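A.B. asks: from the sequence below, what's the structure:
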Amino acid sequence: MVNLNDQFDDGGNPYYLHQSDNPGMVLVLQPLTNDNYNSWRRSMVMALSAKNKLGFVDGSISAPPLIPAEKFNAWTRANNLVNSWLLNVVSKEIAASLLNHSTTAEIWKDLEDRFQQMNGPRLFHLRKKIGELVQGSSSVTVYYTQLKILWDELMSAKSVCSCSSCTCGGVKKMVDDSQNEQTIQFLMGLNDSFSHIRGQILLVDPFPSLSKVFSWVVQEENQRSVLISKPAIEAAFAVKAVSKKSRPQCSHCNMLGHTRDKCYKLNGYPPGYNVRSRPSHPHTAHSNVVKDSESLPVVPGESLTPHQCQQLIATLSTQLQAASNLDIPSSSINLTMQGKILAYINSLHFSDSKSPWIIDSGASLHICYEKGLFESLTPITGGSILLPDKSVIPVEFSGTVRLSPSLILNSVLFVPEFRFNLLAVSALVKNSDLQVLFCNSQCVIQDLQQVVGKGELFQGLYLLRLPDVPVHSLVAHAESCEDSVCLASWHDRLGHPSSNVMHLLKNVVPSCNINKAVSPCSICPLAKL
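C.D. replies: Numbers count the residues shown, from 1 in each chain. Down below sits the predicted model:
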């Protein structure tokens, strides 16, 4: 009597289970989804055939009788193992709907009924993808592989006669026409750079097969890659050869063409050397004994602190006292020197603050957190502001900020906790003749005669940019103060009136010395001719 257990241990028996067979095995890499059933089915058929378990899914190996129990138990083990394999290679959503099936054949039939129905929309989708697929930036091999997958999926949906009873050659002609159609589709999707070889292939008679055309195009692609890489290699060798003759670099100024011992910036420029075409440096050496620029830290454009301004005023006041001992009218010295001092201090006051001013069209009041910008501060009671983060900050002082001679802000709230300077548009134009015009990249603050400020768009905010106020223009204006009160200047400005008319100025211009004798005028005698 033949022992059934010995039969089950035979590798050719479908009930045989190898030691490596376990329920957690994954037979195919791509799990089943809603749109890859055909490729998944072919992969599973190959894997199950290799395991000798294909009869469980196609129904050829059905459940045996309960007696003898050994055969039924062997079938049950093999059936449950194949069920586990199928559940491992489908998506989680699909696997949840297959748990109630008892046999592998039922699971396989359910999947076939659900996903193998190649209806009209599915055929339309495949045809559309094949027609739209082009090479683009992909290689020829990748492009051909994508087309081949779509062609195989489309062919599996068609009903093709596979019998060998045809004697007229119609089946072979249909297969050849399908191959020629695929070849033309492959050539149509190639890039225009393959137009030359594409034209040559279309002229071949008889028309070549798809595999032959693919081989020719790949050879053309490989030949081009060799021709393109050769000039690049030659250029690389040329660059390397030229780099051997590199120019020397100075360790002081990091410029090419000279060394440190010949650096003009360190050792001085020769007589007659033209430096106008080069950028100016504040520490350029002009003699043979000069320290490095690193030992002279100077920050251009830095404004003086209030303490430094007080020291400057005290120093200049000492110079005024020394100048008062000379035989020069003290009033002239005082007016001239004081004008220069005030002009310089005003130029420092009008310089940019540490934080820019943000032009805010939504704010109702000006806000400043820098106390040094205020000309005057006035205590206020019960004041507070609501910040954008919904926090309320009390305000104890407000004052006047002079940003420029033409831009004066009144009732500015002093809020040191805010850390931003806000220029409220509504408060600016409310009690002045100023206008604020907004553009896409900037805004302009102007009065009826001139532009007093501009705003530049930076990260969604308009930042105030004031026009530059040259110091020499303020000094020139201050120095002319003395001449403006001079009797001779008034005489010229009023059109050379007589002395009787000039005496009337004392009620209008008290600073003008009317009793002083008017210097002789060269124009008045000529006017009487």
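
A.B. asks: so for Ala527, what's the pLDDT?
C.D. replies: The model reports Ala527 with a pLDDT of 68.

A.B. asks: low-scoring pLDDT stretches of the stretch 251-400 of the chain, where are they?
C.D. replies: Applying pLDDT under 70 to the stretch 251-400 of the chain picks out residues 267-268, 270-354, 388.

A.B. asks: again, but for the stretch 101-250 of the chain
C.D. replies: Using pLDDT under 70, the stretch 101-250 of the chain drops low at 117-119, 157-166, 227-246.

A.B. asks: ok, which stretches of it are helices?
C.D. replies: All helices of the stretch 101-250 of the chain, identified by DSSP state H, counting those that start in this stretch, fall at 104-115, 120-132, 140-157, 170-188, 195-202, 210-243.

A.B. asks: and of those, who's closest to Gly362?
C.D. replies: Nearest to Gly362, of all the helices of the stretch 101-250 of the chain, is helix 120-132, at 50.8 Å by C-beta to C-beta. All C-beta spots, glycine's among them, are computed from the backbone N, C-alpha and C.

A.B. asks: just the strands in the protein please.
C.D. replies: Taking DSSP state E, the strands of the chain run over residues 357-360, 367-368, 374-386, 392-404, 407-414, 421-424, 435-438, 442-446, 451-458, 461-465.

A.B. asks: who's in contact with the second one?
C.D. replies: Outside of strand 367-368, the residues within contact range by C-beta atoms under 8 Å, 6 or more residues apart in numbering are 374, 385, 401, 409, 412-415, 418, 420-422, 424.

A.B. asks: the strands of the chain: which one's closest to Ser225?
C.D. replies: Short answer: strand 451-458, nearest of the strands of the chain by C-beta to C-beta, at 48.0 Å.

A.B. asks: who's in contact with His252?
C.D. replies: 260, 263, 265-266, 292 are the contacts of His252 under C-beta under 8 Å, 6+ apart.

A.B. asks: Leu32 contacts Val89, correct?
C.D. replies: Yes: using C-beta atoms under 8 Å, Leu32 is in contact with Val89, at 6.3 Å.

A.B. asks: re earlier: reformat the helices of the stretch 101-250 of the chain as a markdown table; add distance to Asp58 and mean neighbour count.
C.D. replies: Output for the helices of the stretch 101-250 of the chain, formatted as a markdown table (distance: least, C-beta to C-beta, whole Å; neighbours: other C-beta atoms under 10 Å):
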| stretch | distance to Asp58 | mean neighbour count |
| --- | --- | --- |
| helix 104-115 | 7 | 18 |
| helix 120-132 | 24 | 12 |
| helix 140-157 | 17 | 16 |
| helix 170-188 | 27 | 14 |
| helix 195-202 | 43 | 14 |
| helix 210-243 | 32 | 12 |
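
A.B. asks: can you redo those helices as a markdown table with distance to Ile380?
C.D. replies: Compiled in a markdown table, the helices of the stretch 101-250 of the chain are given as follows (distance: least, C-beta to C-beta, whole Å):
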| stretch | distance to Ile380 |
| --- | --- |
| helix 104-115 | 79 |
| helix 120-132 | 72 |
| helix 140-157 | 74 |
| helix 170-188 | 81 |
| helix 195-202 | 81 |
| helix 210-243 | 71 |
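
A.B. asks: tell me how many other residues crowd Leu463.
C.D. replies: Neighbour count for Leu463, taken as other C-beta atoms under 10 Å: 19.

A.B. asks: what's across from it in the sheet?
C.D. replies: Ile358, Glu456 (DSSP bridges).

A.B. asks: what about Thr76, distance to Gln146?
C.D. replies: According to C-beta to C-beta, to the nearest Å, Thr76 stands 43 Å off from Gln146.

A.B. asks: then Leu98?
C.D. replies: In this structure, Leu98 and Gln146 are 31 Å apart, going by C-beta to C-beta.

A.B. asks: what does Arg260 give?
C.D. replies: From Arg260 across to Gln146, the span is 62 Å (C-beta to C-beta).

A.B. asks: let me know the pLDDT of the nearest residue to Val26 once chain neighbours are set aside.
C.D. replies: Residue nearest to Val26 in three dimensions, not counting chain neighbours: Asn88, with 5.2 Å by C-beta to C-beta, 6 or more residues apart in numbering. Asn88 carries a pLDDT value of 91.

A.B. asks: what's the burial count for Asn88?
C.D. replies: 15.

A.B. asks: just checking, it touches Met25?
C.D. replies: Yes: contact status for Asn88 versus Met25: in contact at 6.9 Å, counting by C-beta under 8 Å.

A.B. asks: just the buried members of the contacts of His252?
C.D. replies: 263, 265-266 (16 or more other C-beta atoms under 10 Å).

A.B. asks: got the residues you listed as JSON lines, with distance to Ser102 columns?
C.D. replies: Below are the buried ones among the contacts of His252 laid out as JSON lines (distance: C-beta to C-beta, whole Å):
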{"residue": "Cys263", "distance to Ser102": "92"}
{"residue": "Lys265", "distance to Ser102": "92"}
{"residue": "Leu266", "distance to Ser102": "94"}
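
A.B. asks: in helices, which of those fall?
C.D. replies: Counting by DSSP state H, the buried ones among the contacts of His252 place 265-266 in helices.

A.B. asks: what's the closest of the buried ones among the contacts of His252 to Leu256?
C.D. replies: Cys263 (11.8 Å).

A.B. asks: walk me through the domains of this protein.
C.D. replies: For the chain, the structural domains run 4-115, 132-155+175-223, 249-274+282-293, 306-348, 352-468, 485-527, going by automatic domain parsing.

A.B. asks: reformat the ones you listed as a markdown table; add distance to Gly169.
C.D. replies: Output for those, formatted as a markdown table (distance: least, C-beta to C-beta, whole Å):
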| stretch | distance to Gly169 |
| --- | --- |
| domain 4-115 | 29 |
| domain 132-155+175-223 | 10 |
| domain 249-274+282-293 | 79 |
| domain 306-348 | 102 |
| domain 352-468 | 74 |
| domain 485-527 | 118 |
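
A.B. asks: Asn254: neighbouring residues, count only.
C.D. replies: Burial measure for Asn254: 7 neighbouring residues, criterion other C-beta under 10 Å.

A.B. asks: now do the same contact list for the closest residue to Arg127 other than its chain neighbours.
C.D. replies: Of all residues not flanking Arg127 in the chain, Leu154 sits nearest, at 7.3 Å (C-beta to C-beta, 6+ apart). By C-beta under 8 Å, 6+ apart, the residues touching Leu154 are 123, 126-127, 130.

A.B. asks: of these, closest to Pro356?
C.D. replies: Looking across the contacts of Leu154 and measuring by C-beta to C-beta, the closest to Pro356 is Ile130, at 60.6 Å.

A.B. asks: list the contacts of the closest residue in space to that closest one that isn't next to it in sequence.
C.D. replies: Among residues not flanking Ile130 along the chain, Leu150 sits closest, at 5.0 Å (C-beta to C-beta, 6+ apart). Residues in contact with Leu150, defined by C-beta under 8 Å, 6+ apart, are 126, 129-130, 133.

A.B. asks: mind putting those residues in JSON lines, distance to Gly453 included?
C.D. replies: Listed next are those as JSON lines, based on distance: C-beta to C-beta, whole Å:
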{"residue": "Leu126", "distance to Gly453": "67"}
{"residue": "Lys129", "distance to Gly453": "61"}
{"residue": "Ile130", "distance to Gly453": "65"}
{"residue": "Leu133", "distance to Gly453": "60"}
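
A.B. asks: which residues sit in contact with the closest residue to His366 other than its chain neighbours?
C.D. replies: Once flanking residues are discounted, His366 sits nearest to Val412: 4.1 Å by C-beta to C-beta, 6+ apart. Neighbouring residues of Val412 by C-beta under 8 Å, 6+ apart: 365-368, 374, 398-401.

A.B. asks: and Val412, what's its pLDDT?
C.D. replies: 91.

A.B. asks: and the gap between it and Thr400?
C.D. replies: On the measure of C-beta to C-beta, Val412 and Thr400 end up 7 Å apart.

A.B. asks: overlap of the contact sets of those two?
C.D. replies: Phe374.

A.B. asks: pretty sure Cys435 contacts Gln449?
C.D. replies: No, residue 435 isn't Cys; it's Gln. No: counting by C-beta under 8 Å, Gln435 does not reach Gln449; the two are 11.6 Å apart.

A.B. asks: all set, thanks.
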